[in-house]
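# Structure, please.
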Amino acid sequence: MSKPLLAGYQLRLGTGRERAILVNFMELTYQELFPEQNDFSHLAKTVKQYFSRETPLWWVTVADGKVSRKGSIITHPLPVGCLWMGNGVDQVNGDRYTYIFLLYVMPAHRRQGIGSALMQHAEAWARARGDRQLGLQVFQSNQVALNLYQRLGFRTQSLWMVKPLHRKY
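Down below sits the predicted model:
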């Protein structure tokens, strides 16, 4: 069942049968951020490992999209955005918190408030289950996302650092 997200868009809870669409959205995210990379097949393993009933997924669709039913199969309109969340444990105080695995909006639907609305939905969901914080990881090069998260009150708690180890042949 869908509910309004903001003018012209609806939000609906995803199902386990939509794993392939979730992988596709993750691939779109990484292709935008790392266009020189050609293979993101490993993301399917990430989804397989983490996607479950405990890690809810919400899809954004255009409000006038039609839902159709053929027998027991329900076909939803193609999503234009998604929010996938799970659980984290704050390593400082041990509290469980809501962790955002993925927030993605298709380019043609950006700058219309969908990302902000999804983050407000995430915050409401986290509060309703008693969490005291939201957490996420964002790539340093993704300035648009950084601006959004900072505007919504997120702050940097730690920095994830990597050092490439090049093979010597």
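# Going along the chain, name the strands of this protein.
Taking DSSP state E, the strands of the chain run over residues 2-6, 9-13, 57-62, 68-70, 73-75, 81-89, 96-105, 134-136.
# Ok, which of those comes nearest Pro35?
For Pro35, the closest of the strands of the chain is strand 96-105, at 15.8 Å, according to Cβ to Cβ. Heads up, the C-betas are built off the backbone N, CA and C, glycines and all.
# mind listing what the closest one pairs with, with the direction of each?
Pairing partners of strand 96-105, with direction, according to DSSP bridges: strand 81-89 (antiparallel), strand 134-136 (parallel).
# Now render the strands of the chain as a markdown table, adding mean neighbour count and mean pLDDT.
A markdown table is the format used below for the strands of the chain (neighbours: other Cβ atoms under 10 Å; pLDDT from 0 to 100):
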| stretch | mean neighbour count | mean pLDDT |
| --- | --- | --- |
| strand 2-6 | 15 | 76 |
| strand 9-13 | 19 | 93 |
| strand 57-62 | 21 | 95 |
| strand 68-70 | 8 | 55 |
| strand 73-75 | 10 | 54 |
| strand 81-89 | 20 | 96 |
| strand 96-105 | 20 | 97 |
| strand 134-136 | 19 | 96 |
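# what's the closest of the ones you listed to Lys45?
Taking Cβ to Cβ as the measure, the strands of the chain were each checked against Lys45, and strand 96-105 came out nearest at 13.7 Å.
# That closest one versus strand 57-62: what angle between them?
The directions of strand 96-105 and strand 57-62 differ by 30 degrees, with axes from the mean of the first three to the mean of the last three Cα atoms, to 10 degrees as the criterion.
# gap between stretch 25-43 and the chain center?
14 Å (Cα atoms, centre = their mean, to the nearest Å).
# Begin at 4 from now on, thanks
Sounds good: first residue 4 from here, last item stretch 28-46.
# Alpha carbons only: can I get it in PDB?
The C-alpha coordinates for stretch 28-46 follow below in PDB (Å, rounded to 0.1, in the frame of the first residue of the first chain):
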ATOM      1  CA  PHE A  28      19.600   1.200  -7.700                       C
ATOM      2  CA  MET A  29      22.800   0.600  -5.800                       C
ATOM      3  CA  GLU A  30      24.600   0.100  -9.100                       C
ATOM      4  CA  LEU A  31      23.200   3.400 -10.400                       C
ATOM      5  CA  THR A  32      24.500   5.200  -7.300                       C
ATOM      6  CA  TYR A  33      28.000   3.800  -7.700                       C
ATOM      7  CA  GLN A  34      28.100   4.300 -11.500                       C
ATOM      8  CA  GLU A  35      27.300   8.000 -10.900                       C
ATOM      9  CA  LEU A  36      30.000   8.400  -8.300                       C
ATOM     10  CA  PHE A  37      32.600   6.200  -9.900                       C
ATOM     11  CA  PRO A  38      32.100   6.300 -13.700                       C
ATOM     12  CA  GLU A  39      35.600   4.900 -14.400                       C
ATOM     13  CA  GLN A  40      34.600   1.700 -12.600                       C
ATOM     14  CA  ASN A  41      33.000  -0.900 -14.800                       C
ATOM     15  CA  ASP A  42      32.100  -3.800 -12.600                       C
ATOM     16  CA  PHE A  43      29.700  -3.400  -9.600                       C
ATOM     17  CA  SER A  44      28.600  -7.000  -9.500                       C
ATOM     18  CA  HIS A  45      29.800  -7.300  -5.900                       C
ATOM     19  CA  LEU A  46      26.900  -5.100  -4.800                       C
END
